[in-house]
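Colleague: 3D model of this:
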Amino acid sequence: MSVRVAEGHYGYINTFAWTPWVVLAYWWAARDGGWRRAALAGLPFGMAILAGHITSLLYIALIVLAAAVYQAVVAENRAWKQRLWRAGAPLAVMAAVGVALAGVQLLPTAEFAARSTRVSAGFDDAALARYSLYPEHLLTLAAPDFFGQPFITGYWARGAYGESMYYAGVLPLLLALLALRARSFRKPAAFFALLAGGGLLLALGVNGPVYPVAYRLLPFFRIAGVPARAGFLFLFGVCALAGLAVTQMHDPQARRRLLRPRDARWLRGALGVALLAALVAFVFFALNLPDSEAGRAFHMGNALLLFALWLALGAGALWWWARGGAGRWAPALVAALVLLDLWTFGLRLVRPGALPPQPVWGHDPRPDRRRLPRGGAVPHRALGVNIFWQNGATLTDDVESVFGYNTMELADYNAFQLAATDWRAPAYDLLNARYVAHWGALEDAADYTFVGEGYGVYVYERPGWMPRAWLAGQYEVAGDPIGRLNQSDFDYRTTVLLSEAPPCAPEGDGAGSVRVLAETPDRVELAVEAEAPSLLVYSGQFYPGWTAAVDGAPAAVLRADAVLRAVCVPAGRHTVTMQFRPASLAAGAALTLVALGLLLVAGRAAIRQR
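Modeller: Now for the predicted structure:
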């Protein structure tokens, strides 16, 4: 998980941290068969949803579903219908309670996801390939730094480093191999081995046969979007197998039987094959390196030597434990070796420290650097530089990005931006984009006003940018508003494109004034003075759940210019408010309250039953 911390994937960590509790809760409920336990088992599942990384929940659901199948297969002395009922009923109750518990977050997220680019996009080999495992990544399961790492040495394998690293440690891999020989746990060991292998096959994404089929048949895989994250199934399976081996090793007789010379030949053979495969991989990749990158061969050799060191230490610790050495301290020694292995790997990745804003956004201390003007009550907007470089939200409170950062961007907003082929496009005027931030100086900036430069980023003020809100006296009903917006004979400054006829009759040329009194993510208050009945256009995204009021009287919110919001206002002075009150949030909150009540009843009944 150190890679996830280094990459800032905290939601991923928070969600997957609930996986053991979700699986244990299911098995606890399935063993009893009663509704009370099944309902209580929904609590960790609901918490996993509320942890905030919904796409990662797909793989937790796959693990629990696989556990239910395993439960039905291994059940004895029952007919198949009874097995399926005993395994499936607790799962259904658990899932229903968990989903209901997280309803306050899940329903709005589902509404958003249905309108996102991930759901609307088709199977894109190029996009998915970047986030798929490649066959060479299997080497990093044992030698994680074989291809370097981007923070110090550089990374030279295909794909994204942060999505292709699933290192559990060398000793856990050894323990997982031992678990496959444990007589007492043959069935669970086979289950976790299949789970780990299936996870790797899925993680191969477009480089394997499984993910493309799952993507086309199962809609949830479209939301997940990152095939390599199925590698978590491998991590979970290996860790569970290692746990089974440690449990077996606590029994002296089983421990000696597990590692006695006659039965350990296969293990020694497996280790020999692993070392030989690592050596062959080193020779292959080293010989294919260009002369200018010969230093990488030295780095790969170091990674393999480190793998051999941990392999020798792990095998020695297990052998000593099997011989009765270290007594009751043997498990602590094994745990210490695992922690030391993972710590030395993660130490190079995680470096806590302050992350100051990039100076170009008004914080450059150098006296010869101009700064962006303050936005006042309403922040300015900018476009250009990737928001990762902006340190998340460090455009400061005074400048917002029209791009933002959301991997599940709304499909209509994405199409609106993609249609803008130039930074002078009408779309960016309508989005109130006052500034352009560009790596290096703009070549064609004759009509741009230079604002400042910092660390290679040049900031310019765009000509013709429009205010946050304005009045329009004309409209057109357009079936293809994005296409019409970019036609040369259309004046987007005086005419609004609507998806349907408005419930008013605007007239004139939109004369008047609009002033933003207050603006928060879920509420906007505007002071309007219109000389004639007009359409008030606000440069904020249209989305279900926005309501409006003119002087306290409800008013319809119209879709304007493909992605913006508009409201009819009569002539004169008015106060217009827009508030975000989605029905999905209210419905989700009601579901959460019902689930909490059910959990209280189930918990009280379970306590009385004891």
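Colleague: Now do the end-to-end distance for stretch 508-528.
Modeller: Using CA to CA, to the nearest Å, one end of stretch 508-528 lies 16 Å from the other.
Colleague: any residues touching it, and which ones?
Modeller: Surrounding stretch 508-528, the residues in contact under the criterion CB atoms under 8 Å, 6 or more residues apart in numbering are 377-378, 467-474, 494, 529-536, 538, 540, 569, 573-580. Heads up, the C-betas are built off the backbone N, CA and C, glycines and all.
Colleague: Equivalent analysis for stretch 188-207, please.
Modeller: Among residues not part of stretch 188-207, those counted as contacts by CB under 8 Å, 6+ apart are 59, 63, 66-67, 70, 125, 128-129, 131-135, 138, 166, 176, 179-180, 182, 208-212, 214, 227-238, 240-241, 244.
Colleague: How about stretch 479-491?
Modeller: By CB under 8 Å, 6+ apart, the list of residues contacting stretch 479-491 reads 415-416, 419, 425-427, 430, 476, 478, 492, 497, 499, 561-562.
Colleague: which intervals of the stretch 401-550 of the chain have sub-threshold pLDDT?
Modeller: Residues of the stretch 401-550 of the chain that meet the criterion pLDDT under 70 lie in 404-407, 454-455.
Colleague: List the buried residues in stretch 239-257.
Modeller: Under the neighbour-count criterion of 16 or more other CB atoms under 10 Å, stretch 239-257 has 239-246, 248-249, 254-255, 257 buried.
Colleague: Apologies, that question was intended for stretch 28-44.
Modeller: 29-30, 34-44.
Colleague: Strands - which of those land there?
Modeller: Secondary structure of those is defined by DSSP state E; no position falls in strands.
Colleague: Which of those sits closest to Ala553?
Modeller: Using CB to CB, Gly42 comes nearest to Ala553 of these, at 43.6 Å.
Colleague: List the contacts of the closest one.
Modeller: Here Gly42 is in contact with Ala25, Val93, Met94, Ala95, Ala96, Val97, Gly98, Ala100, Leu101, Ala595, Leu599 (criterion: CB under 8 Å, 6+ apart).
Colleague: mind running it again at 6 Å?
Modeller: When the contact criterion is CB atoms under 6 Å, 6 or more residues apart in numbering, the partners of Gly42 are Met94, Val97, Gly98.
Colleague: and the closest residue to Pro135 other than its chain neighbours, how many neighbours?
Modeller: For Pro135, the nearest residue in space outside its immediate sequence neighbours is Asn207; the separation is 6.9 Å by CB to CB, 6 or more residues apart in numbering. For Asn207, the count of nearby residues is 18 (other CB atoms under 10 Å).
Colleague: so how far is Val238 from Asn207?
Modeller: Relative to Val238, Asn207 is positioned 21 Å away (CB to CB, to the nearest Å).
Colleague: and if you look at Gly483?
Modeller: Between Gly483 and Val238 the computed distance is 52 Å (CB to CB).
Colleague: Same check on Ala518?
Modeller: 53 Å.
Colleague: Between these two, tell me which one has more neighbours.
Modeller: The neighbour count for Ala518 versus Val238, taken as other CB under 10 Å, is higher for Val238 (25 against 11).
Colleague: Surely the more buried one and Ala176 touch.
Modeller: Yes - counting by CB atoms under 6 Å, Ala176 is a contact partner of Val238 at 4.8 Å.
Colleague: could I get the contacts of Gly42 as CSV with secondary structure?
Modeller: Listed next are the contacts of Gly42 as CSV, based on DSSP: H, G, I helix; E, B strand; the rest coil:
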residue, secondary structure
Met94, helix
Val97, helix
Gly98, helix
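Colleague: pLDDT averaged over stretch 209-223 - what is it?
Modeller: Mean pLDDT, taken over the full extent of stretch 209-223, equals 81.
Colleague: which stretches of the stretch 101-250 of the chain have low pLDDT?
Modeller: Applying pLDDT under 70 to the stretch 101-250 of the chain flags residues 119-127.
Colleague: same thing but 90
Modeller: Applying pLDDT under 90 to the predicted model, the residue ranges of the stretch 101-250 of the chain that meet it are 109-110, 112-132, 134-165, 174, 177-187, 205-229, 245-250.
Colleague: element containing the closest residue to Val23 other than its chain neighbours?
Modeller: Spatial nearest neighbour of Val23, excluding adjacent residues (CB to CB, 6+ apart): Ala67 at 5.7 Å. Mapping Ala67 onto the secondary structure by DSSP states H and E places it in helix 54-74.
Colleague: repeat for Val459
Modeller: For Val459, the enclosing helix or strand under DSSP H and E is strand 457-461.
Colleague: what packs against the helix or strand following that strand?
Modeller: As assigned by DSSP H and E, the chain's next helix or strand after strand 457-461 is strand 469-472. Strand 469-472 makes packing contacts with strand 512-520, strand 534-541 when contacts are defined by 3 or more CB pairs under 6 Å, 6 or more residues apart in numbering; DSSP states H and E.
Colleague: since we're on Val459, how many residues are nearby?
Modeller: Using other CB under 10 Å, the number of residues around Val459 comes to 25.
Colleague: Please name the bridge partners of it.
Modeller: Here Val459 sits in beta bridges with Ala437, Gly452, as judged by DSSP bridges.
Colleague: With Gly148 instead?
Modeller: Judged by DSSP bridges, the bridge partners of Gly148 are Tyr155.
Colleague: count of residues packed around it?
Modeller: Taking other CB under 10 Å as the neighbour definition, Gly148 ends up with a count of 17.
Colleague: check contacts around it.
Modeller: Applying CB under 6 Å, 6+ apart to Gly148 gives the contacts Gly154, Tyr155, Trp156, His299.
Colleague: Which two of those have the greatest separation?
Modeller: When these are compared pair by pair using CB to CB, the farthest-apart members prove to be Tyr155 and His299, with a separation of 10.8 Å.
Colleague: quick one, phi/psi of Ala553?
Modeller: Backbone geometry at Ala553, expressed as degrees, to the nearest 10, gives phi -90, psi 130.
Colleague: For it, give its distance to Thr577.
Modeller: Taking CB to CB as the measure, Ala553 falls 11 Å from Thr577.
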